[in-house]
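[1] make a model of this:
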Amino acid sequence: MHTEQLVSTFVEYFEERGHQRIVGSTLLPPPGDPVLFTTSGMHPLTPYLEGRPHPLGKRLVNVQRCLRTTDLDEIGDATHLTVFEMLGTWSLGDYGGPLSLDWGYGLLTEGLGIDRGLLHATVYAGDSQCEQDVASLELWQDRGVPVELTVEDNWWSNGAVGPCGPDSEIFLWSGDGPPRSTPTQDDRWVEVWNHVMMKYRRLDDGSLVPLPQRNVDTGLGLERLASLLQGASSVFDCDLFEPWRRLVPPLWRLDEPSLRLVCDHLRSAVVVLGDGVRPANTGRGYVLRRLVRRALTVLWREDPSYSLDDLPGDLVQHTLDHFRQDVRPADVRHVLLDEERRFRRLMERGRQVLARPRFRDRLTEEDFHYLHDTHGLPRELITTLRQG
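    As a prediction, the model looks like this:
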């Protein structure tokens, strides 16, 4: 099942159950939001989860592009991406968690044809502040799906304070043999869908108070599920990355982890540029700059002559088209090449500075601060240059 078919199947399934499709936002949160990028499908809906009436009603469904910098060090494994898409559903004070899980089970097993024997669920076990999620546990037991009870792994929050609640996660077996063990004990269980019973707000003192309404917020990783349904070994082998897998290897000789990182970071950079961000030394622009420079660092470690000038325009166009961004590929390439020139000059200056006798031995924290404040060399770049 191709990703576009997966998206339409998901949306239509929930539209048939009274959900209204809302348009996903860009990666940029609303003005005044302290978060740099949209990190989940629920992020733009926070006011409605806290009680404000939504103009389209209490049952919603959408597709939201997201960016998470917290997973940068995981890029290269089978399941993580910097920019990804989340399929989401919401009950804003309407139906509860068991019905949401029942519909999720129905979509996976009937709508998508997944064998229920390949499913495993996790459920909140309860602690001193919140009771065990008995309703979700009983739902899964009634459906014959094995359940693992956890505490921290099944509590969802969007920060130290704010909306939160217990969740039930659905995992799909990705191993070659029959399913074994549990999601916390075997990473061949891949999390694909999280259903959050968002009914509390955590206050500054750590206490929980009920939200004005009890909500259900679900998020399903599009690329993860697509790769599993397509029998792919990783998210980088699903159909969305087919042009990248076909066009990049002939250009740049890279091992598999490096290829995955370069494809992820450059694809993510294109999406961020498509949403109007430009490279800078702070904020969103710094995240973009870091993505481009991490990709270049990997490329130049293999061959200093590699250049983003070789990046096919078709890849830029393919990414912009998929995310429905009205930006000229030539403009995106211009920014990428300008950033490459800046980084190459910074690398040369960094090598000259680090060649001074003062910096040949082990660097102190004072050295790192001096190199950053005086010469504009971030710690990550200094480490890379010294390793090279």
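[2] where's residue 210 relative to residue 156, distance?
    16 Å (Cβ to Cβ, to the nearest Å). Bear in mind the C-beta positions are built from the backbone N, C-alpha and C, glycine included.
[3] just the element for residue 298, please.
    Taking DSSP states H and E as the definition, one finds residue 298 inside helix 283-302.
[4] before we move on, back to that, okay, residue 210 and residue 156: which has more neighbours?
    More crowded of residue 210 and residue 156, by other Cβ atoms under 10 Å: residue 156, with 21 against 9.
[5] correct me, but the more buried one touches residue 198?
    Yes. The criterion here is Cβ atoms under 8 Å, and residue 156 meets it with residue 198 at 7.3 Å.
[6] where do the helices sit along the stretch 51-200 of the chain?
    Using DSSP state H, counting those that start in this stretch, the helices of the stretch 51-200 of the chain run over 97-106, 134-143.
[7] quick check: which of those helices is buried the most?
    helix 97-106 (a mean of 20; mean count of other Cβ atoms under 10 Å).
[8] let me see the contact set for residue 67.
    27, 37-39, 82-83, 268, 271-272, 287 (Cβ atoms under 8 Å, 6 or more residues apart in numbering).
[9] from residue 111, how far off is it?
    28 Å.
[10] what's the answer for residue 233, then?
    Residue 233 is 24 Å from residue 111, by Cβ to Cβ.
[11] of those two, which one has the most company?
    The neighbour count for residue 233 versus residue 111, taken as other Cβ under 10 Å, is higher for residue 111 (15 against 10).
[12] leaving out the residues flanking it, which one is nearest to the more buried one?
    Sequence neighbours aside, residue 13 is the residue nearest to residue 111 in space, at 5.3 Å (criterion: Cβ to Cβ, 6 or more residues apart in numbering).
[13] tell me how far stretch 127-141 lies from the chain's centre.
    Offset of stretch 127-141 from its chain centre (Cα atoms, centre = their mean, to the nearest Å): 27 Å.
[14] hmm, who's touching it?
    Taking Cβ under 8 Å, 6+ apart as the rule, stretch 127-141 contacts 96-98, 101-102, 121, 123-126, 146-147, 149, 151, 154-155, 166, 168, 195, 197, 200, 207-208.
[15] do the same with stretch 149-158
    Against stretch 149-158 from outside (Cβ under 8 Å, 6+ apart): 40, 42-43, 46, 122-127, 130, 132-133, 137, 163-169, 184, 194, 196, 198, 202, 217.
[16] of those residues, which belong to strands?
    With strands defined by DSSP state E, the entries of those inside them are 122-124, 163-169, 194, 196, 198, 202, 217.
[17] in stretch 14-28, which residues are buried?
    By neighbour count with 16 or more other Cβ atoms under 10 Å, stretch 14-28 contains the buried residues 14, 19-20, 22, 24-28.
[18] ok, stretch 233-247 next?
    Of the residues in stretch 233-247, those buried (16+ other Cβ under 10 Å) are 234-241, 243-244, 247.
[19] counting neighbours, what do you get for residue 57?
    So residue 57, with other Cβ under 10 Å, has 12 neighbours.
[20] report the contact partners of it.
    Taking Cβ under 8 Å, 6+ apart, we find residue 57 in contact with 20, 92.
[21] next one: it from residue 169, what distance?
    According to Cβ to Cβ, residue 57 and residue 169 sit 27 Å apart.
[22] again, but for residue 227
    From residue 227 to residue 169 the distance is 18 Å (Cβ to Cβ).
[23] strands of the stretch 1-150 of the chain, start to end?
    20-21, 59-67, 83-92, 119-124, 147-150 (DSSP state E, counting those that start in this stretch).
[24] can you put those in JSON lines and add distance to residue 333 and mean pLDDT?
    Listed next are those as JSON lines, based on distance: least, Cβ to Cβ, whole Å; pLDDT from 0 to 100:
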{"stretch": "strand 20-21", "distance to residue 333": "33", "mean pLDDT": "98"}
{"stretch": "strand 59-67", "distance to residue 333": "21", "mean pLDDT": "96"}
{"stretch": "strand 83-92", "distance to residue 333": "18", "mean pLDDT": "96"}
{"stretch": "strand 119-124", "distance to residue 333": "43", "mean pLDDT": "98"}
{"stretch": "strand 147-150", "distance to residue 333": "46", "mean pLDDT": "98"}
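[25] can you tell which of these is closest to residue 300?
    Each of the strands of the stretch 1-150 of the chain has some distance to residue 300 by Cβ to Cβ; the shortest is strand 83-92, at 22.9 Å.
[26] for the closest one, packing partners?
    helix 3-15, helix 46-49, strand 59-67, helix 97-106, strand 208-221, helix 222-229, helix 256-274 (3 or more Cβ pairs under 8 Å, 6 or more residues apart in numbering; DSSP states H and E).
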